[in-house]
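In: my questions are about this predicted structure, shown below with the sequence.
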Amino acid sequence: MSTKKNNPIIRFLAKSIKRLERFVFILKSLVTPRQFIYFSCVLVGVSSALAVIVLKTFAHWVYNLSQYSDRIFHLPYSNSVLPVIGILLTVLVVKKILDGSIQKGTSHIMYAVARKGGFMPFKQMYSQIITSSFTVGLGGSAGLESPITITGAAFGSNYAQNYRLSQKDRTLLLACGVASGIAAAFNAPIAGVLFAIEVVLAEISITAFIPIMISAATGALVSTIILNEDILLSFKQGDALDYHNIPHYVFLGLLAGFVSINYARTFRKIETYFANSKLGNYKKALYGASILAVLIFFFPSLFGEGYESIKTIANAHPEKLLENTLLDGYKSNSWVLLGFVGVTMMVKVYATGLTLGSGGNGGNFAPSLFVGSYLGFFVAKLSNLIGITKPLSVSNFTLVGMAGVLSGLFHAPLTAIFLIAEITGGYNLMVPLMIVSSVSFAISKRFEPYSFDIKHLADKGEVFTDNKDKNILTCLHLSNFVLTDYKEIKESNSLEELIEIIKYTDDIVYPVFNAKKDFLGLIYLDDIRSIIFSSFKIKYTSTHEVTKAPKEIVSNTDTIEMVMDKFEKTNTYILPVFKNDIFIGFINRNMILEKYRNQLRDMIIE
């Protein structure tokens, strides 16, 4: 029996990768940096697209297998058992293979950009594929887009690290991986570009669009060639737009905004509950997955990503949703169908929260589209059943609703608009898409200033926001600015001794200590200028008389943003820094401003 090392396939792949690396290194030395970036974004785009294909194919295969089993064996519990197995397998892989931890959610991409210079761990190139395949492929009620974007970002980041590219280029290729992943997942290159810009990058120049567009186009092309069209979320173009329905779209946008807020807050509560749970990893997984199994038993459309059910309610036979449910005998009753859709829409957040909180891996991108489609269907169907207005297009409202919740939840209205426009194959719905997405975004932004996926990081000042100054200050660390090379003044020193020190330093402020090394205050050079030129005043003035309490103090735990506020408040250029009430040095405003200017230049990706 051959070992992995002697396996001819493994040897062939290893040699092929080494040859490709040598070729890329040679190419890098022969072309200009900009040309190498163009070449690199194609490779990153292909890699991300292949990762998408693996994830999507496996998830779709498992879904079809479960549905086939239901039709053959008529086992009502099979779909409920699979997610339990998937979540337990995910926890097992994380514990045994991935060192007990895995990063979930697109927030980690923004954190890497904001705080780590675009560096992402190597294991993110494969960990997301394995774990999300088990979770979502076996029916966990979450999406694959978040793992896809993390994997794409990891491919871009590690590629840049391997070929020793700058921070700007590393961040750019990270964004290229994200764009390619989204483009391949939906065959929507424009949406991929906009998602990378709206969600991942805080600052970008026009020239940076080109590599991102190339990666997105590459990802969409690879997906089109290899991936089965049935696996993608796509629809035939909706009905023609009736401008008399504009008020209804505004109403849908309002509802989508509030539904997004409810989703975000409910999900965070569930996530916090599991994070604070004292149960072991396997017990937590079994507990959460068991509740999820019950929900899927009553609401089968919660199984997996949910894209098949979105296609079902968007076509002419939404009553198929009731098949294999306890309400199967009421398929012809429109009110029963409406109630089922409404309840499923509200329960979806609990299903996703249980999936991810209990140990599964996935994201909220697909669930947001699920909730949005069900919301749009519910609004249009309810209006038609009541009959107080002209009949609304259920398919149009179903599609537009997806953009509304996606925009409100991720604060990415442009991504939402163009994603739905691209997957429907036309732009006839552009006006209602713009209305619903913008209204939902405005409502959500009013009550939830940050996208729910990054709120916990934004609250701690660890990730980019739409405030440019705050973004830059977030990247600066106080510890890098503390000046510890200072001259100490003892309380017992005379002014003659202080003047001798002043002769050989450029300092403008001096800390004063007593015999026990306790900080007593500061002596400012400006305050003693009139004294040092008078021998009489020098002789009869003590250091105690010219020592002053600092106008403000800085704690070593303060953020740079807080420090700049203190400089502004006191109108000074230098402040003392303390750690646990012990003086450790000074911080200079000019140093921060210089670093700010450099960081501003580095942040703009060109």
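Out: Received it, and whenever you're ready, just let me know what you need.
In: please count neighbours and contacts with C-alpha atoms only from this point.
Out: Fine.
In: need the CA coordinates for stretch 346-364. CSV is fine.
Out: This file holds the C-alpha atoms of stretch 346-364, laid out as CSV (Å, rounded to 0.1, in the frame of the first residue of the first chain):
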residue,chain,number,x,y,z
MET,A,346,-39.6,34.6,10.5
VAL,A,347,-38.2,31.2,11.6
LYS,A,348,-35.3,31.3,9.1
VAL,A,349,-33.1,33.5,11.4
TYR,A,350,-33.5,31.0,14.2
ALA,A,351,-32.5,28.1,11.9
THR,A,352,-29.4,30.0,10.7
GLY,A,353,-28.5,31.1,14.2
LEU,A,354,-28.7,27.5,15.5
THR,A,355,-26.7,26.2,12.6
LEU,A,356,-23.8,28.7,13.1
GLY,A,357,-24.0,29.2,16.8
SER,A,358,-23.9,25.5,17.6
GLY,A,359,-20.7,24.9,15.7
GLY,A,360,-21.6,24.8,12.0
ASN,A,361,-19.8,27.0,9.4
GLY,A,362,-21.6,29.1,6.8
GLY,A,363,-22.8,32.6,6.3
ASN,A,364,-25.9,34.9,6.2
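In: tell me the gap between it and the middle of its chain.
Out: Centroid displacement of stretch 346-364 relative to its chain, using CA atoms, centre = their mean, to the nearest Å, is 16 Å.
In: equivalent analysis for stretch 556-575, please.
Out: For stretch 556-575, the distance to the chain centre is 30 Å (CA atoms, centre = their mean).
In: what's the neighbour count on the closest residue to Ser107 other than its chain neighbours?
Out: Of all residues not flanking Ser107 in the chain, Ile454 sits nearest, at 5.0 Å (CA to CA, 6 or more residues apart in numbering). Around Ile454 there are 22 other residues, counting by other CA atoms under 10 Å.
In: need phi/psi at Ile454.
Out: For Ile454, the backbone dihedrals (degrees, to the nearest 10) come out as phi -120, psi 10.
In: now do it against Leu433, distance only.
Out: From Ile454 across to Leu433, the span is 25 Å (CA to CA, to the nearest Å).
In: from Thr106, how far off is the residue nearest to Ser107?
Out: Applying CA to CA to Ile454 and Thr106 gives a distance of 8 Å.
In: for Pro576, same thing?
Out: Pro576 sits 38 Å away from Thr106, going by CA to CA.
In: then Asn588?
Out: Taking CA to CA, one finds Asn588 at 36 Å from Thr106.
In: which one of those two has more residues nearby?
Out: Here Asn588 and Thr106 are compared on neighbour count by other CA under 10 Å; more neighbours surround Thr106, at 23 against 17.
In: quick one: contacts for the more buried one?
Out: By CA atoms under 8 Å, 6 or more residues apart in numbering, the contact set of Thr106 is Ser146, Thr149, Ile150, Asp453, Ile454.
In: low pLDDT regions in the stretch 101-250 of the chain?
Out: Applying pLDDT under 70 to the stretch 101-250 of the chain flags residues 202-206, 228-240.
In: what are the boundaries of the helices in it?
Out: Secondary structure of the stretch 101-250 of the chain (DSSP state H, counting those that start in this stretch): helices at 107-115, 127-137, 145-162, 167-186, 189-195, 209-226, 246-276.
In: just put these in a markdown table and tack on mean neighbour count and distance to Ala403.
Out: Formatted as a markdown table, the helices of the stretch 101-250 of the chain follow (neighbours: other CA atoms under 10 Å; distance: least, CA to CA, whole Å):
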| stretch | mean neighbour count | distance to Ala403 |
| --- | --- | --- |
| helix 107-115 | 23 | 21 |
| helix 127-137 | 26 | 22 |
| helix 145-162 | 28 | 15 |
| helix 167-186 | 32 | 14 |
| helix 189-195 | 27 | 12 |
| helix 209-226 | 24 | 20 |
| helix 246-276 | 20 | 9 |
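In: between those helices, which gets nearest to Pro8?
Out: Closest of those to Pro8 is helix 127-137, at 23.8 Å (criterion: CA to CA).
In: and that closest one with helix 145-162, angle?
Out: 170 degrees (axes from the mean of the first three to the mean of the last three CA atoms, to 10 degrees).
In: other SSEs contacting helix 127-137?
Out: Packing partners of helix 127-137 (3 or more CA pairs under 8 Å, 6 or more residues apart in numbering; DSSP states H and E): helix 33-73, helix 78-96, helix 145-162.
In: again, 10 Å this time
Out: Identification of packing neighbours for helix 127-137 by 3 or more CA pairs under 10 Å, 6 or more residues apart in numbering; DSSP states H and E yields helix 33-73, helix 78-96, helix 145-162, helix 334-357.
In: kindly calculate the angle that whichever helix or strand comes after the last one makes with helix 145-162.
Out: Spelled out, it's helix 334-357. Using DSSP states H and E, the helix or strand that follows helix 334-357 in sequence is helix 365-386. Helix 365-386 runs at 150 degrees relative to helix 145-162, counting by the same axes, to 10 degrees.
In: mind checking how far helix 365-386 is from the chain centre?
Out: 26 Å.
In: give me the mean pLDDT for the helix or strand following that helix.
Out: Following helix 365-386 in sequence order, the next helix or strand is helix 394-410 (DSSP H and E). Here helix 394-410 scores 92 as its mean pLDDT.
In: what number of residues lie near Leu327?
Out: Residues near Leu327, counting by other CA under 10 Å, number 15.
In: any idea how far Phe567 is from it?
Out: Here the distance between Leu327 and Phe567 works out to 66 Å (CA to CA).
In: equivalent analysis for Phe134, please.
Out: Distance from Phe134 to Phe567, by CA to CA: 52 Å.
In: list the contacts of Gln348.
Out: Let me fix one detail, which is that residue 348 is Lys and not Gln. 141-142, 263, 295-296, 299, 301-302, 306, 354, 367-368, 370-371 (CA atoms under 10 Å, 6 or more residues apart in numbering).
In: name the nearest of these relative to Asp581.
Out: Using CA to CA, Tyr263 comes nearest to Asp581 of the contacts of Lys348, at 43.5 Å.
In: please name the nearest non-neighbouring residue to that closest one.
Out: Val349 (6.0 Å).
In: and that neighbour, what pLDDT?
Out: For Val349, the pLDDT comes out at 95.
In: tally of neighbours for it?
Out: For Val349, the neighbour count with other CA under 10 Å is 25.
In: ok, Val54 to Ile130 distance?
Out: Separation of Val54 from Ile130 (CA to CA): 10 Å.
In: before we move on, back to that, what's the closest of the helices of the stretch 101-250 of the chain to Ile310?
Out: Between the helices of the stretch 101-250 of the chain, helix 167-186 lies closest to Ile310; by CA to CA that is 14.0 Å.
In: between helix 33-73 and that closest one, find me the angle.
Out: 30 degrees.
In: helix 167-186: how far from the chain's middle?
Out: Using CA atoms, centre = their mean, the offset of helix 167-186 from its chain centre is 13 Å.
In: that helix to helix 107-115, inter-axis angle?
Out: Going by the same axes, to 10 degrees, helix 167-186 makes 160 degrees with helix 107-115.
In: out of the contacts of Lys348, which is nearest to Ser530?
Out: Ser530 lies nearest to Tyr263 out of the contacts of Lys348, by CA to CA, at 66.1 Å.
In: and after the helix or strand of the chain with the lowest mean pLDDT, which helix or strand comes next?
Out: Least confident helix or strand, the chain: helix 468-474 with a mean of 61, by mean pLDDT, DSSP states H and E. Sequence order places strand 489-490 as the next helix or strand after helix 468-474, per DSSP H and E.
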